[in-house]
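A.B. asks: model this:
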Amino acid sequence: MNNQRTNSFKSQRQKSKGISLPLFIRKSGIYQFLTKLKRGQKTNLRLDLKGLQPLKLKRIPTLLILGFFLFFGGFHVVKYFSFIPESYDGSEIKSSLGRNSSILIVGFNDRVEGYRFPEYISVVNINNSANLTRIYGINPSFSIRQINTQLALKNLWNNLDSEEKMPEFISRLESFLGLKLDGYIVFDRSIALEFLSNENFSMQTSLEYSNEGKTIQKNQLLNASEIFNFMFDINVANNDLVKFQNEFTKAFLDSFKNPFKIYNTIFNSSEFLKTYKTNFDRGTLIKLISFFNQAQIIVPEKGFLSTDLGTKDNDRDLYVPNMTIMDDSIRSFFSDFEVVKEQAKVEVFNATNTAGIANRYRRMIQNKGGNVINVNNFPELIDEIKIYLDLGNYDSLSNTIDLISSSMGVDVTILSIDEYKYNYSGDIILVIGSDILLE
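C.D. replies: Okay, here's the model as predicted:
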């Protein structure tokens, strides 16, 4: 009998010893909670993940909220990095904008398979310091010289031979306008129409418009299809059409003043990026959209290339521009006041074998407010683009120097006027070498 009790006691001790836990575990909050729960006692949940301070039940919602925001933030980080703009034809992506920039917006009519007609052309001037966006419409029926003939701008794209047409298209427009274009946003009519229709895009007109038998009433509310029906499929564009296109540009840019629109553009970007092609990188395009969100956007009364600036050629359905008065119009619109204030005297020299280089960049500098006093060929041929000036005057001429440098589109070397070995009369000497041909 005693042996049985002894064996039973040993057996219980062995069982008890088999489930014995270290003292620090048995004193932990979670162990005591489980013990009370097993005994049916009332518990106040305490979790001690490190054997330190207990964590009360009421703190758990904080963890859930924190977890939600971590997930939400991670989701948007992924969406941000999936916002990858694409160029129209594989051309190089640009990375930045200056203080005063000009952006090309083009709408191609893709009604004929395999062809593109740029029937909507607008240049948007971005002035960061003034927080201002201004819109200048380009009449697509104005002519541009192509080899030995005059060709309407709307027909230019289909007459380019390059594999990557957009860089050549922009270069030709720069030569035509005498204006450096700092980037582009481009769309095809059919794709944009579907996108804008799905977004229920609309605009209310401020004027009455008429072109080639089509009429739009003042204060008429138009949907995307009605807007595009008036904007595209034109033969010869008149002033009314270009002013109507300016209204569309403003309505499009104003749409980014809606915070939900910006959110949807950046974080649900697949359809937006499928519709609009650009040579801006992610960061620059997002900054641009954010700028439109808070900037004042205006359409000046004379913010377009008027038919008064050219002569109509009825045989070819186009307007031949008078380049002198056209430059006056562009200069009055795009002049940078900070450049004008400096009144720096600029001399421009062509140091290449290609004729017309100095005159091309003379117009670009003048049409943004620069004061070019001399254009000529340089006595020698060089590769680099060089700017000579009295370096002591750099700060007082900095806006003009920035304008010249950005107009070149390639690296520029700035040197002291003491290194210039020829006679000069300007404050700034620009010598354009053959590197400009690589632009």
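A.B. asks: Could you pull out the strands in the stretch 301-439 of the chain for me?
C.D. replies: Along the stretch 301-439 of the chain, the segments classed as strands by DSSP state E, counting those that start in this stretch run 310-313, 318-321, 345-350, 371-377, 385-389, 413-416, 428-432.
A.B. asks: and the last one with strand 371-377, angle?
C.D. replies: Angle, strand 428-432 to strand 371-377, by axes from the mean of the first three to the mean of the last three Cα atoms, to 10 degrees: 40 degrees.
A.B. asks: Spell out for me which residue occupies the centre of this structure.
C.D. replies: Centroid check for the chain by Cα atoms, centre = their mean gives Leu285 as the closest residue, at 3.6 Å.
A.B. asks: Remind me which helix or strand that one belongs to.
C.D. replies: helix 282-294 (DSSP states H and E).
A.B. asks: Can you check the pLDDT for Val112?
C.D. replies: With respect to pLDDT, Val112 scores 88.
A.B. asks: my bad, Thr275
C.D. replies: At Thr275, the model reports a pLDDT of 96.
A.B. asks: Also Asn158?
C.D. replies: 94.
A.B. asks: ditto for Gly90
C.D. replies: Here the pLDDT value assigned to Gly90 is 78.
A.B. asks: Secondary structure of it: a strand, I assume?
C.D. replies: No: using DSSP: H, G, I helix; E, B strand; the rest coil, the secondary structure at Gly90 is coil, not a strand.
A.B. asks: wait, what's in contact with it?
C.D. replies: Counting by Cβ atoms under 8 Å, 6 or more residues apart in numbering, Gly90 touches Glu164. Every C-beta, even on glycine, is put in place using the N, C-alpha and C of the backbone.
A.B. asks: And it, how far from Asp336?
C.D. replies: As judged by Cβ to Cβ, to the nearest Å, Gly90 and Asp336 stand 32 Å apart.
A.B. asks: ok but Ile105 is inside a strand, no?
C.D. replies: Yes: assessed by three-state DSSP, Ile105 belongs to a strand.
A.B. asks: Please list all residues in contact with it.
C.D. replies: Residues in contact with Ile105 (Cβ under 8 Å, 6+ apart) are Tyr120, Ile121, Ser122, Val123, Val124, Tyr184, Ile185, Val186, Thr249.
A.B. asks: So which of those is the closest to Tyr361?
C.D. replies: Among the contacts of Ile105, Val123 lies closest to Tyr361 (Cβ to Cβ), at 18.1 Å.
A.B. asks: what's the nearest residue to the closest one if we skip its chain neighbours?
C.D. replies: Leaving aside its chain neighbours, Val123 sits nearest to Tyr136 (4.7 Å; criterion: Cβ to Cβ, 6 or more residues apart in numbering).
A.B. asks: Mean neighbour count and distance to Asn200 added to the strands of the stretch 301-439 of the chain, as CSV?
C.D. replies: CSV is the format used below for these (neighbours: other Cβ atoms under 10 Å; distance: least, Cβ to Cβ, whole Å):
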stretch, mean neighbour count, distance to Asn200
strand 310-313, 15, 38
strand 318-321, 22, 36
strand 345-350, 23, 50
strand 371-377, 15, 49
strand 385-389, 22, 49
strand 413-416, 13, 51
strand 428-432, 25, 50
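A.B. asks: now these as CSV including mean pLDDT and distance to Ser396?
C.D. replies: Formatted as CSV, these follow (pLDDT from 0 to 100; distance: least, Cβ to Cβ, whole Å):
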stretch, mean pLDDT, distance to Ser396
strand 310-313, 93, 39
strand 318-321, 94, 36
strand 345-350, 98, 13
strand 371-377, 97, 14
strand 385-389, 97, 10
strand 413-416, 97, 15
strand 428-432, 98, 11
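A.B. asks: Of all the ones you listed, which one comes closest to Phe272?
C.D. replies: For those, distance to Phe272 was read as Cβ to Cβ. The smallest value, 34.1 Å, belongs to strand 318-321.
A.B. asks: Mind listing residues that contact the closest one?
C.D. replies: Outside strand 318-321, the residues within contact range by Cβ under 8 Å, 6+ apart are 139, 141-143, 150-152, 236, 305, 307, 309-313.
A.B. asks: could you redo the last one with a cut-off of 7 Å?
C.D. replies: Asn139, Ser141, Phe142, Ser143, Gln150, Ala152, Thr307, Leu309, Gly310, Thr311, Lys312, Asp313 (Cβ atoms under 7 Å, 6 or more residues apart in numbering).
A.B. asks: what's the answer for stretch 390-399, then?
C.D. replies: By Cβ under 7 Å, 6+ apart, stretch 390-399 touches Asp336, Glu338, Val339, Glu342, Ala344, Leu389, Ser416, Ile417, Asp427, Ile428.
A.B. asks: ok, the closest residue to the third one other than its chain neighbours - contacts?
C.D. replies: By that I understand Val339. Excluding the flanking residues, the one nearest Val339 by Cβ to Cβ, 6+ apart is Gly369, at 4.0 Å. Residues counted as contacts of Gly369 (Cβ under 7 Å, 6+ apart) are Ser335, Asp336, Val339, Val340.
A.B. asks: Ok, Ile357 next?
C.D. replies: Asn350, Ile432, Ile436.
A.B. asks: Quick check: the last one touching Val410?
C.D. replies: Yes: look at Ile436 against Val410 with Cβ atoms under 7 Å: they come within range, at 6.4 Å.
A.B. asks: which residues do the two both contact?
C.D. replies: Common neighbours of Ile436 and Val410, counting by Cβ under 7 Å, 6+ apart, are Ile385.
A.B. asks: Specify which residue of the two has the higher count of neighbours.
C.D. replies: Ile436 (21 against 14; other Cβ atoms under 10 Å).
A.B. asks: Between the strands of the stretch 301-439 of the chain, which one is closest to Phe201.
C.D. replies: Minimum separation from Phe201 across the strands of the stretch 301-439 of the chain (Cβ to Cβ) falls at strand 318-321, 30.3 Å.
A.B. asks: Distance check, Lys341 against Thr324.
C.D. replies: 25 Å.
A.B. asks: Break the protein down into its domains, please.
C.D. replies: As given by automatic domain parsing, the domain ranges for the chain are 18-81, 100-331, 336-438.
A.B. asks: Out of those, which gets the lowest mean score?
C.D. replies: Here the lowest mean pLDDT among those goes to domain 18-81, at a mean of 55.
A.B. asks: just to revisit the earlier point, most neighbours among the contacts of stretch 390-399, which one is it?
C.D. replies: Ile428 (26 neighbours).
A.B. asks: before we move on, back to that, closest to Leu173 out of the contacts of Ile357?
C.D. replies: Distance to Leu173 across the contacts of Ile357 (Cβ to Cβ) is lowest for Ile436, with 17.3 Å.
A.B. asks: show me the contacts for that closest one.
C.D. replies: Thr352, Ile357, Ile385, Met408, Val410.
A.B. asks: tell me the phi and psi of Leu196?
C.D. replies: Leu196 adopts backbone torsions of phi -70, psi -30, taken as degrees, to the nearest 10.
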